[in-house]
Structure formats: C-alpha cells, structure tokens
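> quick one, structure for this:
(one chain, ligands or ions: 1)
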Amino acid sequence: MPVLRSIRERFERERPLDGVRVAACLHVTAETANLVRALRAGGAEVALAAANPLSTQDDVAEALGDVADVHGRRGDDAAAYAKGIAALASGEPQIALDDGADLIAATHEQLRGGIEETTTGLVRLRAMDLACPVLAVNEALAERAFNDRYGTGQSTLDGIVRATNILLAGRTLVVLGYGWTGRGVALRARGAGASVIVCEVDPLRALEARMEGFDVMPALEAAERGDVFVTVTGSRGALRGAHFERMKDGAVLANAGHFDVEIDLAELRAAATGGVREVLPLVEEHVLGDGRRLHLVAAGRVVNLAAAQGHPAEVMDVSFALQALAAEHLAGADLGPGVHAVPPELDRQVAALKLAALGVEIDTLTGDQEAYLSSWMPRP
Ligand SMILES: NC(=O)c1ccc[n+]([C@@H]2O[C@H](COP(=O)([O-])OP(=O)(O)OC[C@H]3O[C@@H](n4cnc5c(N)ncnc54)[C@H](O)[C@@H]3O)[C@@H](O)[C@H]2O)c1
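Numbers count the residues shown, from 1 in each chain. The predicted model follows:
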C-alpha cells in the first residue's frame, strides 16, 4: 500500500494527530491494519471494532493488539457487534471512522468529527440531526472510482466465482442498481464474457447503462433471463417473491450492497417449500415448489467480503489514504455539524500519490495555459 505508506512516513515526521483519540468501526483486515498504523504514526490513540463479523481476520485482530484496542472476532453475533461499538464509545473518541454509521450515531455528540465510508452510512447520517461534522469520503472521486467501481466490481465477481465456481462467460448476469458499484460489476462482468442486463429505477442511470451497451429492463423481465443476479441498490427488496417465481432453475443470487436486505430472505425462505440445504460452503440451495433451485451466495450478505477477501490492497490503499488525510483534515479544520464533502485537494493529493506509486507521470499546465484558463477575456 504505497500511497498509505507515503502518508505514514509524512505523519511520522509531522505528527498531525498527536494525542487525538480515534475510534474506527471498519472491516478488520490487513489493509485496515495499515490504516491503523498510519494513524498511530501520526500520533493518534486508536481503538478498532469489527464492522462486519464475516470479514474479520482474527490473525489481523491479534497482530494489531500491540498498537490498538481491537474488538471483535470472526463470526461474532449482533450482541458482540453492539458490545464493540459500546466499547469504542466508552473510550470517548474525538474522531470516528465508520462503515455504516453505527459508531457515529452512537458517538456524534462527543466527536470533533466523523468520517463515513459507505453510501448506506451516509444515507443514515443525512437523515440524522448530526451534532458534529462528518466527511463523506465515500463521495470523493478517488474513492468512487477506485473502491466502488473497480474494487467492488472485481471483488464481487471474485466472491461469486469462488463460492460457486461458475464460468461467467456465456451466462447472463443481471445487475440491480447502476450506481458506482453497479457500474463496476456490470463492466467487469462484460469483461469476463457475460451478457449483462441492468435494472434501475433512476432514468439517468438507466440511460447511461443503455448507452454503455447494456440491456436495460425491469427486474421482473430480467428475472426470467438471468443466470446470475447481483443486487447493489443500497435499498431493500430489490429481489423478492415475484422475482423468485420467475427465475430459471439454477439461478445464482448474490448481494454486494451493504446490508443483507437487498434480496428478500424471508420471501426466499417462504418460496422454498421444497427445502433449503447447503450445497457448497457459502452456497444455499433453495428448492421451490415446482422443483426449481435458486442458489443464494453468502446468505445474502455483502458477497465480496463474505465469500472473497474484499477489495484488493491497492484499492484499499487509495480509500484508506483518503481516510488518513480526512482524519488529519478534521483534526485541524473547524467545520460545522452535518455531512461535508471531502475537499477536492485531498482527492487530487491521493490521485497524485497513486500515480507516483504506479510510476505514471503526467503533464502540467504551462503558464500560458493557466493564464488562458483563468482569464475572462473574450476568446480570439
Ligand atoms: N460491497 C462493497 O464492497 C461495497 C462498496 C461500496 C458500496 N457498497 C454498497 O453498495 C450499495 C450501493 O452503493 P452505490 O455507491 O453504488 O450507491 P448508488 O446510490 O451510487 O447506486 C445505487 C443505485 O441503485 C438504484 N436503485 C435503488 N433501488 C433500486 C431498485 N429497487 N432496483 C434497481 N435499482 C435501484 C439507484 O437508483 C442507484 O442508481 C450500498 O449499500 C453501498 O453501501 C458496497
């Protein structure tokens, strides 16, 4: 993670977070460990709780024990998750790094500021009467492009393929939701040789999908055609009883949205009058009344984390570089309560560090070009 490493080296010299108490509710993975080390290098005291019990890497949690308080183990239940959040809150954090908004919701009254990294978390925070500023790192362009489009795009397919071992080429893959993540899933599925259908509720995004060359249609129609279904809407019930009724025998259902509500699991169970059994680790076969079988991957939980290893390290490098710079910004800036955009200069800083890590050089504007671009004079 060269981008984060370069920030950590600067933090070691400048100590911008000296004595600041940082609490983080994030996936406990090796990449998160690097973020924790960068924050520590900046002088912060760090406590970490697992944002999702299925993504926790216990070896990482243990290895981090010497630099941070770590709560949560793989497979923890909801009560253990709540205990982790409560433990972070009791440490009276000044800055909270969150993935889903539960930590910020529990601590916003005492925080100097928060940082939220998912769409779902931001939806919740915008609906709240926030007492502190929160930086929407999820909406920074570097995050959107890297994490959501390329990271989730690749790792979602990785999770489905690892769990089911299916060949994507020649199959029809239906993506429900063509936001940043849905775009990535659709793009990579096409690259793997699948025919891709997009289902949307937003006409602009649906139009964009069509212009990209994907088939666009209502989910009820796509239900009859798809071999693999991926939900990434951030909402609930994108796939439900009416869709299950129409699906082909052997259809694979996976969710890459944050919560396990995008595939209606209660309706799936109710439709499975022929029984439910595990046919592979992380793959449940639901037998419908007429004998058709629907295969649910990773219990409808976020498939790229539950069935694969989440985003590749170079993707998280960019995301966590933004988080580290956002924490530094919060420690130094005086922002009012509410959700704020990440300042564009942080976005550009991360992109520049990433390009440097890739060994890619780019042009700079000449003095003459800068003058031209900042002038109001009529163009010749
Ligand atoms: N798995 C991961 O690693 C990962 C990474 C980033 C985001 N996410 C999650 O993925 C979800 C989507 O995130 P995003 O950033 O793409 O959000 P987004 O808001 O950019 O896109 C969601 C899209 O879904 C559409 N939509 C909503 N309801 C729909 C429905 N019933 N049918 C069809 N389309 C519908 C919306 O119009 C929108 O275009 C969120 O839950 C987010 O937290 C997961």
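
> might you enumerate the residues of the stretch 251-380 of the chain proximal to the ligand?
When proximity is defined by C-beta under 6 Å from any ligand atom, the stretch 251-380 of the chain lies next to the ligand at 256-258, 302, 304. For the C-beta atoms, the positions are set from N, CA and C on the backbone; glycine is no exception.

> which ones among the residues you listed lie within helices?
residue 304 (DSSP state H).

> minimum pLDDT in the residues of the stretch 251-380 of the chain next to the ligand, which residue is that?
pLDDT across those is at its lowest for residue 258, which sits at 88.

> that one touches residue 118, doesn't it?
Yes. At 5.4 Å, residue 258 counts as touching residue 118 under the criterion of C-beta atoms under 8 Å.

> give me the common contacts of those two.
residue 100 (C-beta atoms under 8 Å, 6 or more residues apart in numbering).

> quick one: contacts for the closest residue to residue 99 other than its chain neighbours?
With C-beta to C-beta, 6 or more residues apart in numbering as the criterion, residue 99 has its nearest non-adjacent residue at 4.2 Å, and that residue is residue 51. Residues near residue 51 by C-beta under 8 Å, 6+ apart: 25-28, 98-100.

> now swap in residue 154 and tell me
Contacts of residue 154 by C-beta under 8 Å, 6+ apart are 184, 188, 312.

> again, but for residue 295
Taking C-beta under 8 Å, 6+ apart, one finds 164, 250-253, 279, 283-286 in contact with residue 295.

> so how many other residues sit close to residue 170?
Using other C-beta atoms under 10 Å, residue 170 is surrounded by 10 other residues.

> give me the pLDDT for it.
98.

> SS state for the closest residue to it other than its chain neighbours?
Nearest in space to residue 170, with sequence neighbours left out and distances taken as C-beta to C-beta, 6+ apart, is residue 193 at 6.4 Å. Three-state call for residue 193 (DSSP: H, G, I helix; E, B strand; the rest coil): coil.

> can you pull the pLDDT of residue 193?
98.

> give the buried residues for whichever strand or helix holds residue 5.
Taking DSSP states H and E as the definition, residue 5 sits inside helix 2-14. By 16 or more other C-beta atoms under 10 Å, the buried positions in helix 2-14 come out as 3-8, 10-11.

> also stretch 298-312?
Applying 16+ other C-beta under 10 Å to stretch 298-312 flags 298-311 as buried.

> now, among those residues, which is nearest to residue 122?
residue 302 (16.4 Å; C-beta to C-beta).

> separation between residue 354 and the ligand?
Taking C-beta to the nearest ligand atom, to the nearest Å as the measure, residue 354 falls 18 Å from the ligand.

> which elements pack onto the helix holding residue 5?
Here helix 2-14 touches helix 30-41, helix 313-332, helix 344-358, going by 3 or more C-beta pairs under 8 Å, 6 or more residues apart in numbering; DSSP states H and E.

> for the helix or strand following the longest one, which strands pair with it and how are they oriented?
It stands for helix 313-332. Per DSSP H and E, the first helix or strand lying C-terminal to helix 313-332 is strand 338-341. Neighbouring strands of strand 338-341 in its sheet, by DSSP bridges, are strand 133-136 (parallel).

> how far is whichever helix or strand comes after the strand it pairs with from where the chain is centred?
Following strand 133-136 in sequence order, the next helix or strand is helix 141-143 (DSSP H and E). Offset of helix 141-143 from its chain centre (C-alpha atoms, centre = their mean, to the nearest Å): 12 Å.

> go on, stretch 359-373?
For stretch 359-373, the distance to the chain centre is 34 Å (C-alpha atoms, centre = their mean).

> just send the residues of the stretch 251-380 of the chain next to the ligand back as JSON lines, with distance to residue 81 too.
As requested, those are exported to JSON lines (distance: C-beta to C-beta, whole Å):
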{"residue": "256", "distance to residue 81": "20"}
{"residue": "257", "distance to residue 81": "18"}
{"residue": "258", "distance to residue 81": "14"}
{"residue": "302", "distance to residue 81": "14"}
{"residue": "304", "distance to residue 81": "20"}
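
> give me the low-pLDDT residue ranges for this protein?
380 (pLDDT under 70).

> quick check on residue 55: phi, psi?
When quoted as degrees, to the nearest 10, the phi and psi of residue 55 stand at phi -100, psi -10.

> now residue 274: how far from residue 346?
53 Å (C-beta to C-beta, to the nearest Å).

> for residue 367, that is, sorry about that
According to C-beta to C-beta, residue 367 stands 26 Å off from residue 346.

> how about the helix or strand just after the helix holding residue 5 and the ligand, any contact?
For helix 2-14, the succeeding helix or strand toward the C-terminus, using DSSP H and E, is strand 21-26. No. Using C-beta under 6 Å from any ligand atom, strand 21-26 stays clear of the ligand, coming no nearer than 12.0 Å.

> again with stretch 215-233
Yes. Looking at stretch 215-233 against the ligand by C-beta under 6 Å from any ligand atom, the contacts come from 232-233.

> check contacts around the residue of the chain found nearest the ligand.
Closest residue of the chain to the ligand, C-beta to the nearest ligand atom: residue 179 (1.8 Å). Contacts here follow C-beta under 8 Å, 6+ apart; on that basis residue 179 touches 119, 148, 205, 232-234.

> for the spatially most central residue of the chain, what are phi and psi?
Centroid-nearest residue in the chain: residue 118, 5.6 Å away (criterion: C-alpha atoms, centre = their mean). Residue 118 adopts backbone torsions of phi -120, psi 160, taken as degrees, to the nearest 10.

> which one of the contacts of residue 51 is nearest to residue 290?
For these, the minimum distance to residue 290 (C-beta to C-beta) is 38.0 Å, reached by residue 100.
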